[in-house]
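Colleague: Just to be clear, the model below is a prediction. Sequence and coordinates:
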Amino acid sequence: MTHPRASRNHSQQQAGSLRTGHHLLLPDGKRSAEIQRVDVETDDFGTPALVLATLTGGGMLRIAAGSVVTVLDAPEDAAKAPGRGDGGDVDNGTGRGDTPEGATPEGATLEGAAPDRAVEADDTPAPPSVVVPPLPAAPPAGGGPSEEDLALIPSPEGTPESVVEVAAEAHPDAVGVQLLAERLAKGINTKSGSCLKDLSDLAHELFILRKDAENALAVADLLNVLPFDGNPGRWASVEAALALSSYICRRLGQEERAAVYEKLLRAPDGMETDPFKARINAKVRQRSLNEPNLYDKEIFRSIDNSNPDAEREWRLLRLEALLFLRAHGGSETIGAQELERRIGNELESVRA
């Protein structure tokens, strides 16, 4: 690994000791990103096996627990460029946060590497295939959809892996689609945050870049039926899929089905039983809707630097943020009609 310039103080430590707030040297050896959240996946014997380091804004590094990484004393000064899922998606699922890009060091893979920087999946034995149930056992709490509403979401035809396979076969020359499909072919485990992220990325790739609404919805529905389990990291991927599905269905004239996705998206908002906490959460939520990060500075900087690739990645993140707002019916600062206009502009831009 290339070390940072001599003027930077740094230390090397095992990935298992990473903590929130650490500034981790990215795989390119030149830039760093702050760690927002650290999750650890254990093997079947309970031993830490994989460290999931969620970066500020939601990008994720998957690092073998025993790998040695470099931690810096301060963030890099260089401007960060976003990375996205194979063929186009990286963020926390809401499109609300900066995500640096980078290649992958030995023992780690970066969630959100673009097609030309994508790496082979590691040789770790695949988790057992898990068939996603077509519908939750009961409607989510907090004013979520009824059983009649949920019936509007089609059950998958076959296993989740077969749904992904059908989508991949429809786009044999799409590098991003094929790379994501290859990873998912190992087995879809709905308890794995990285697996859910790949599914969300694939749905976005299919619709945004391949204009394939049918397969995008089929893939997204593998996530859409999963109820909120209290894990924000996993829910971010479901949230992104729900927002995308809502927009697609409204464009197809399937208003009732779109409304179901929107209810599912907002269901966790009503799960807080403490009245005081519920009011605070509502205020925080409304503020985030009123003041979304739409990456204006990053996009303008990319334009000024004549970097069309970075501009496109930032616009994809902006698009996801707009889709999230649209699924909420807009906000107090951006109405639904204005959102439709902006979403159309971004779609046209990234598809050009």
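Modeller: Looks like it arrived, so ask away.
Colleague: What is the top strand by length along the chain packed up against?
Modeller: For the chain, the longest strand by residue count, based on DSSP state E, is strand 32-42. Applying 3 or more Cβ pairs under 8 Å, 6 or more residues apart in numbering; DSSP states H and E, we find strand 32-42 packed against strand 23-25, strand 48-55. Where you see a C-beta, it was placed from the backbone N, CA and C, and this is true even at glycine.
Colleague: Which positions within the last one qualify as buried?
Modeller: Okay, so that is strand 48-55. Ala49, Leu50, Val51, Leu52, Ala53, Thr54, Leu55 (16 or more other Cβ atoms under 10 Å).
Colleague: Same question for stretch 11-25.
Modeller: Ala15, Gly16, Leu18, His22, His23, Leu24, Leu25.
Colleague: Now the longest strand of the chain - C-alpha only, PDB.
Modeller: Only the C-alpha atoms of strand 32-42 are listed here, as PDB (Å, rounded to 0.1, in the frame of the first residue of the first chain):
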ATOM      1  CA  SER A  32      -8.700   9.300   3.500                       C
ATOM      2  CA  ALA A  33     -12.300   9.200   4.600                       C
ATOM      3  CA  GLU A  34     -13.800   9.300   8.100                       C
ATOM      4  CA  ILE A  35     -15.400   6.200   9.400                       C
ATOM      5  CA  GLN A  36     -19.000   6.900  10.400                       C
ATOM      6  CA  ARG A  37     -19.900   3.400  11.600                       C
ATOM      7  CA  VAL A  38     -18.200   0.100  12.200                       C
ATOM      8  CA  ASP A  39     -20.000  -3.300  12.100                       C
ATOM      9  CA  VAL A  40     -18.400  -6.700  12.500                       C
ATOM     10  CA  GLU A  41     -19.600  -9.900  10.900                       C
ATOM     11  CA  THR A  42     -18.500 -13.100  12.600                       C
END
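Colleague: tell me the angle of that strand relative to strand 48-55?
Modeller: 150 degrees (axes from the mean of the first three to the mean of the last three Cα atoms, to 10 degrees).
Colleague: circling back to that earlier point, could I get the buried residues of strand 48-55 as CSV with distance to Glu165 and pLDDT?
Modeller: Compiled in CSV, these are given as follows (distance: Cβ to Cβ, whole Å; pLDDT from 0 to 100):
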residue, distance to Glu165, pLDDT
Ala49, 28, 79
Leu50, 25, 80
Val51, 30, 84
Leu52, 26, 81
Ala53, 31, 82
Thr54, 29, 80
Leu55, 31, 77
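Colleague: That'll do, ta.
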